[in-house]
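Here is my input, please return the structure:
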Amino acid sequence: MLINLRRRRATLPLASLKPSLPFPLLKLFSSSQPNPNSTPNSTNPLSKSQLQSLVRRQYAHGKFSDLVRNVVALPTVLLAACRNLTAPQPGNADEFPPQIESASKRFSIDEMGRELFENRFDIEACCVKMVPEMEKGEFLILPNLKLKVLIEAIRMVFEIVYDERFVTFSYGGRVGLGRHTAIRYLKNSLENPSWWFNVSFNREKFDNRHVNNLCMFVEEKIKDEMLIDIIKRLFECEVVQIELGGCYFGRGLPQESGLSSILINVYLNGFDKEFQEMRFQKNQENPKFESNELVSKDDIFYKPVRIYAVRYLDEILVITSGSKVLMMDLKNWVLKYLEGRLELKVDRVKTAIHSAVSEKIDFMGMELRAVVPSVIRPPMSEKAIRAQKKYLRQKEVRALELKNARERNRKKLGMKILSHLFKKLKRSDGFKLEHQIENEVRKIFSTWADEVVQEFLGSLDDCWAWHRRLSAGYFLSLRHIRDQLPQELVDAYDEFQEQVDKHLSPVKARKALEEEERRKEEEEEQKYAKNTVEDLTRLCTKVDAPIEIIRKAVKLVGFTNHMGRPRPISLLTALEDADIVKWYAGVGRRWLEFFCCCHNFKTVKTIVTYHLRFSCILTLAEKHESTKREAIKHYTKDLKIFDLSGNEEVHFPTEKEVKMMGDRNLSDPKPVDGALCLALIRLASDEPPYSCVAHFCDRTDTTVYRARLLQRHLNLNPLDEEKWVRGMGVIHESLNLKCLPLCPNHIHDLYMGKINLQDIDCTSFVDVD
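Model (predicted):
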């Protein structure tokens with residue numbers, strides 16, 4: 001059944017502001033362009049280094065000034081923002097389509113720059129009100145593509161201004177400082193944690209008080225009334241929102257603005273600096289000494305008191321290695337600062353102090369706990385030791401086989417060379433060759449001889465036998481015989497005996513072997529003693545994936561039944577086979593990438609390898625009304641599919657690929673929340689094709705997909721923690737049943753997690769009649 005579709009864009013009717021500057025300022029705007037000798041052509045976007053130079057040029061007397069007029073309003077800067085919003089095309093990861101042509105089809109970059117320069121850019125006209133299907137549902141204000149370009153340009157400028165001014169323990173919304181970097185800091189730099197607490201905020205949106213405080217913090221470094229006015233208008237239109245205590249920051253959900261992360265860092269930067277100063281004072285009071293600087297007769301270990309903090313956007317974790325009294329003082333100071341100076345509402349019940357050793361704490365979607373080093377790196381079990389010895393024996397056997405084969409080949413080659421030389425000698429009076437090979441032959445035989453000698457000297461039994469033969473029973477060792485012989489012969493014999501004792505003496509060889517064994521035993525004892533002392537004196541941070549929460553999410557989505565066994569998801573049977581596999585592959589890969597830094601990563605591997613893989617197989621079997629065995633026979637366990645050209649594709653992580661994953665590639669991956677909560681159902685239509693809703697994508701070979709949200713499909717309230725998964729974010733309900741045209745490349749990237757809903761223009765949805 002064909003569906004009639006039409007493009008719809010619902011705008012929010014808000015009053016436009018009057019321009020604060022006179023209209024005829026085109027000449028002034030043109031004169032504000034940078035010198036062409038130092039800035040590239042206006043049709044080319046600025047690189048990051050060029051943008052940094054341009055922003056730093058506005059720094060004077062301790063502040064940045066006129067950033068909107070002299071930086072944000074420039075067409076080259078707006079094109080750089082368009083480039084950041086554009087997803088790279090497959091096969092050309094480093095090349096982007098020309099932004100000037102793609103943007104000109106939607107809006108004029110030059111006109112947008114003039115509007116910003118003259119302070120007559122209408123933010124309200126660029127806001128789109130997303131109305132939910134239910135009358136009692138909440139609406140969502142989203143920016144259109146033109147306003148997204150402005151937001152991205154402001155974010156780029158803020159990043160250059162503030163990134164170097166943020167403290168080291170501030171993560172999130174920064175390049176190269178994401179979740180995994182914070183986890184690596186906790187695992188490697190945290191020493192002997194004893195108490196910690198996680199600051200929990202009440203769900204509260206920023207109101208006028210918070211926005212005014214934010215603008216005051218921005219004015220400490222930036223002197224630009226136009227920029228402050230734009231920020232206030234963005235909050236007034238609700239196109240930029242900050243809700244502390246929610247579950248959508250850093251998750252790629254559409255309700256999160258691209259400017260929210262850096263604004264949170266700016267708002268909490270004063271708290272970070274105050275805490276950093278407190279840490280510095282505590283470190284001066286408790287200096288750290290090296291082990292060789294401490295003199296102790298009673299083996300007393302010195303543990304200096306340390307204070308640590310890690311903040312990822314609105315999640316704050318405070319740790320100390322001192323007493324609980326110190327931690328209570330820290331908590332009182334933190335709450336006083338957040339509630340007093342920043343006017344934030346903290347949930348004092350959930351912000352409780354926990355023992356780092358006996359209690360685990362949730363942070364960034366993972367579980368932390370202080371353990372002894374032997375838990376992180378446990379000693380080898382007897383079974384593992386037997387397996388290692390077996391492997392070493394097999395390795396020795398393979399080495400012996402290779403050695404025998406090498407000797408056999410050498411013997412054949414040597415016999416061939418000797419046979420060739422003998423034939424030449426018989427046919428002529430000596431060797432007459434065009435090429436002299438004596439040196440090469442001599443080198444080969446010398447190498448072989450050296451290897452044989454080294455192998456012989458390495459054998460204790462052979463050395464013993466030859467030493468007995470060369471040194472026992474000879475008459476030259478008798479005194480009355482030595483007196484009758486020439487002195488030169490006696491000296492030569494003694495020198496020969498010295499060389500025999502030096503190279504073939506079994507006593508020295510046995511002593512060397514025993515010394516080597518003794519050295520290995522001492523190393524093992526020292527290693528055991530060191531590990532024992534570390535277990536008694538040191539604590540490390542163990543990071544685990546919340547397995548119970550993951551299993552609850554697996555059961556809630558429908559991967560497993562009430563007994564924990566894989567089951568099909570009937571909602572996905574409306575998709576194509578490739579889309580079904582890609583949806584499962586995207587969920588599995590995002591889970592693996594997110595929890596690859598955890599200690600219990602093997603359990604996550606099992607969930608992806610078993611539950612998700614066989615749920616996908618059962619879904620394909622249900623769609624084609626076949627059995628599980630027939631589906632496995634057709635798609636194999638690796639879930640191989642074929643594209644339109646007949647080429648084989650594997651999107652789901654193979655078992656070998658899953659086994660090779662681990663804590664190596666530290667990045668800032670997006671959680672799986674957006675993939676679990678969204679299913680895109682393909683629709684059929686006889687209408688003309690629409691352009692792709694991905695940012696600045698001009699392709700028209702699109703397919704319309706209807707968005708189905710998990711909370712609406714299951715009729716659950718995400719705020720109910722008993723029925724919903726704790727800590728799992730959801731896509732806003734206003735996007736439910738919205739239809740989005742997507743090209744094949746971007747629907748593939750959306751399924752596989754290469755892009756998210758922030759990378760597409762959700763306001764350009766298609767309305768269904």
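
Tell me the helices and strands packed up against the helix or strand encompassing Leu413.
Using DSSP states H and E, Leu413 falls within helix 382-427. Helices and strands touching helix 382-427, by 3 or more Cβ pairs under 8 Å, 6 or more residues apart in numbering; DSSP states H and E, are helix 438-457. Where you see a C-beta, it was placed from the backbone N, CA and C, and this is true even at glycine.

The helix holding Leu413 vs helix 438-457, what angle?
Compare the direction of helix 382-427 with that of helix 438-457 by axes from the mean of the first three to the mean of the last three Cα atoms, to 10 degrees and you get 140 degrees.

what's the average pLDDT for helix 382-427?
Across helix 382-427, pLDDT averages out at 83.

Stretch 631-647 too?
84.

Going by neighbour count, list what's buried in that stretch.
Within stretch 631-647, the residues scored as buried using 16 or more other Cβ atoms under 10 Å are 631, 635, 638-639, 641.

Distance of the residue lying farthest from the centre of the chain relative to Leu639?
In the chain, the greatest distance from the average C-alpha position (Cα atoms, centre = their mean) is reached by Gln484, at 85.3 Å. According to Cβ to Cβ, to the nearest Å, Gln484 and Leu639 sit 92 Å apart.

returning to that earlier point: look up the pLDDT of the residue farthest from the centre of the chain for me, please.
Looking at Gln484, its pLDDT reads 75.

shaky segments in the stretch 101-250 of the chain?
Scanning the stretch 101-250 of the chain for pLDDT under 70 picks out the ranges 101, 135.

now the strands for it?
127-130, 140-143, 170-171, 195-199, 204-205, 222-223, 243-244 (DSSP state E, counting those that start in this stretch).

Quick check: what element follows the worst-scoring helix or strand of the chain on mean pLDDT along the chain?
Least confident helix or strand of the chain, by mean pLDDT, DSSP states H and E, is helix 26-31 with a mean of 39. Downstream of helix 26-31, the next assigned helix or strand under DSSP H and E is helix 48-56.

List of residues touching that following helix?
34, 39-40, 46, 64, 67, 70-71, 74, 77, 80, 156-157, 160-161 (Cβ atoms under 8 Å, 6 or more residues apart in numbering).

now these: which count as buried?
Buried subset of those (neighbour count, 16+ other Cβ under 10 Å): 34, 39, 46, 64, 67, 70-71, 74, 77, 80, 156-157, 160-161.

Closest one to Asn745 out of those residues, please.
Ala80 (22.9 Å; Cβ to Cβ).

That closest one and Val71: what is the separation?
Computed as Cβ to Cβ, the Ala80 to Val71 distance reads 10 Å.

same deal with Gly727?
As judged by Cβ to Cβ, Gly727 and Val71 stand 38 Å apart.

for Leu313, same thing?
For Leu313, the distance to Val71 - Cβ to Cβ - is 26 Å.

cool, Phe158 as well?
Distance, Phe158 to Val71, by Cβ to Cβ: 11 Å.

so how far is Glu204 from the residue lying closest to Ser260 once chain neighbours are set aside?
The shortest distance from Ser260 to any non-neighbouring residue, by Cβ to Cβ, 6 or more residues apart in numbering, is to Ile242 (5.5 Å). Look at Ile242 and Glu204: by Cβ to Cβ, they are 9 Å apart.

hmm, back to that, which one of the strands of the stretch 101-250 of the chain lies closest to His748?
Smallest distance to His748 across the strands of the stretch 101-250 of the chain (Cβ to Cβ): 23.8 Å, for strand 140-143.

residue ranges of the helices in the stretch 451-600 of the chain, please?
Using DSSP state H, counting those that start in this stretch, the helices of the stretch 451-600 of the chain run over 460-471, 479-482, 487-504, 506-537, 547-557, 577-594.

which one of those is the most hemmed in?
Highest mean neighbour count of those: helix 577-594, a mean of 22 (counted as mean count of other Cβ atoms under 10 Å).

check contacts around the closest residue to Phe595 other than its chain neighbours.
Computed as Cβ to Cβ, 6+ apart, the closest residue to Phe595 that is not its neighbour in sequence is Ala545, at 4.1 Å. For Ala545, the contacting residues are 366-367, 595, 598, 600-601, 603-604, by Cβ under 8 Å, 6+ apart.

again, only this time at 10 Å
Listed by Cβ atoms under 10 Å, 6 or more residues apart in numbering, the contact partners of Ala545 are 365-367, 591, 594-601, 603-604, 607.

Go through those residues and single out the one with the most neighbours.
Phe595 (29 neighbours; other Cβ atoms under 10 Å).

what are the phi and psi angles of it?
Dihedral pair for Phe595: phi -100, psi 20, per degrees, to the nearest 10.

chain center to stretch 396-415: distance?
Centre-to-centre, stretch 396-415 and its host chain are 47 Å apart (Cα atoms, centre = their mean, to the nearest Å).

and what of stretch 654-663?
Using Cα atoms, centre = their mean, the offset of stretch 654-663 from its chain centre is 15 Å.

any idea of the mean pLDDT for that stretch?
Per-residue pLDDT over stretch 654-663 has a mean of 74.

Residues touching it, excluding its own?
Under the contact criterion Cβ under 10 Å, 6+ apart, stretch 654-663 has outside partners 180, 183-184, 187, 543, 588-589, 592-593, 595-599, 601-602, 604-606, 608-609, 613, 636-640, 650, 652-653.

Wait, Arg377 touches Asn531, no?
Yes - contact criterion Cβ atoms under 10 Å: Arg377 and Asn531 qualify, at 8.5 Å.

need the contact list for Pro669.
Pro669 sits next to 178-180, 250, 252, 589-597, 753 when contact means Cβ under 10 Å, 6+ apart.

Dihedrals phi and psi, it?
Main-chain dihedrals, Pro669, degrees, to the nearest 10: phi -70, psi 150.

Looking at the buried residues of stretch 631-647, spot the one nearest Lys511.
Nearest to Lys511, judged by Cβ to Cβ, of these is Asp638 at 57.3 Å.

all strands for the stretch 651-769 of the chain, in order.
Under DSSP E, counting those that start in this stretch, the stretch 651-769 of the chain gives strands at 678-682, 703-709, 739-742, 766-768.

Identify, out of the ones you listed, the most deeply packed stretch.
Highest mean neighbour count among the strands of the stretch 651-769 of the chain (mean count of other Cβ under 10 Å): strand 739-742, with a mean of 25.

what pLDDT, on average, does that strand get?
Averaging pLDDT along strand 739-742 gives 87.

do stretch 600-615 as well
The average pLDDT for stretch 600-615 rounds to 88.

Tabulate the CA atom coordinates of that stretch in CSV.
Output in CSV follows, covering the C-alpha atoms of stretch 600-615 (Å, rounded to 0.1, in the frame of the first residue of the first chain):
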residue,chain,number,x,y,z
ASN,A,600,34.4,-7.6,33.0
PHE,A,601,34.4,-6.9,29.3
LYS,A,602,34.2,-10.6,28.6
THR,A,603,30.7,-10.7,29.9
VAL,A,604,29.7,-7.9,27.6
LYS,A,605,31.3,-9.9,24.7
THR,A,606,29.1,-12.9,25.7
ILE,A,607,26.0,-10.8,25.6
VAL,A,608,26.7,-9.4,22.2
THR,A,609,28.1,-12.7,20.8
TYR,A,610,25.2,-14.8,22.0
HIS,A,611,22.1,-12.8,22.8
LEU,A,612,22.2,-10.2,20.1
ARG,A,613,23.6,-12.5,17.4
PHE,A,614,20.9,-15.2,17.9
SER,A,615,18.2,-12.7,18.4
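
what about it, distance to the chain center?
Offset of stretch 600-615 from its chain centre (Cα atoms, centre = their mean): 19 Å.

ditto for stretch 738-754
Computed by Cα atoms, centre = their mean, the chain-centroid distance of stretch 738-754 equals 22 Å.

got it, and stretch 58-73?
So, by Cα atoms, centre = their mean, the centroid of stretch 58-73 is 34 Å from its chain's centroid.

mind checking the end-to-end distance for it?
Criterion Cα to Cα, to the nearest Å; first-to-last residue distance in stretch 58-73 is 14 Å.

ok, back up a step: buried deepest among the strands of the stretch 101-250 of the chain, which one?
Of these, the one with the most neighbours on average (mean count of other Cβ under 10 Å) is strand 170-171, at a mean of 26.
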